[in-house]
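*Asks:* need the 3D shape of this:
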Amino acid sequence: MSIYVGNLSYTVTQDDLTKVFSDYGTVKRVQLPTDRETGRARGFGFVEMESAAAEDAAIEALDGAEWMGRVMKVNKARPREEKGTRSSGGYSRRY
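*Replies:* Next up, the predicted model:
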């Protein structure tokens, strides 16, 4: 499982996130998605830790914490939705 970290500063680096989360356990991987067109960070990332206990401790401590001038949103990451599985919003067409 991984942790979603939102509302990040656009200047945050993988090393920055690793340092913050390593206070709660061993960090296995950090991902910071970037915009395809601009290459700029998108303001969120994902952190994978060695154990579920470390993830839970980090979520408990860091959700709502202020860091780099922003209040972080930290929770368990949800599985990525496949592109085509979204509903049409409840509208149907009749022909």
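*Asks:* and the helices in the chain?
*Replies:* 14-21, 52-62 (DSSP state H).
*Asks:* and the nearest residue in space to Glu66 that is not next to it in sequence, how close does it get to Glu82?
*Replies:* The spatially closest residue to Glu66, leaving aside those adjacent along the chain, is Met72, at 7.6 Å (Cβ to Cβ, 6 or more residues apart in numbering). For the C-beta atoms, the positions are set from N, CA and C on the backbone; glycine is no exception. Distance of Met72 to Glu82, given as Cβ to Cβ, to the nearest Å: 28 Å.
*Asks:* more neighbours, the two?
*Replies:* Each of Met72 and Glu82 has its neighbours counted (other Cβ atoms under 10 Å); Met72 has more, 19 against 7.
*Asks:* Ile3 is in contact with that one, correct?
*Replies:* No. Counting by Cβ atoms under 8 Å, Met72 stays clear of Ile3, with 10.6 Å between them.
*Asks:* tally of neighbours for the closest residue in space to Gly6 that isn't next to it in sequence?
*Replies:* Closest residue to Gly6 apart from its sequence neighbours, by Cβ to Cβ, 6+ apart: Lys73 at 3.9 Å. By other Cβ under 10 Å, the residues close to Lys73 number 15.
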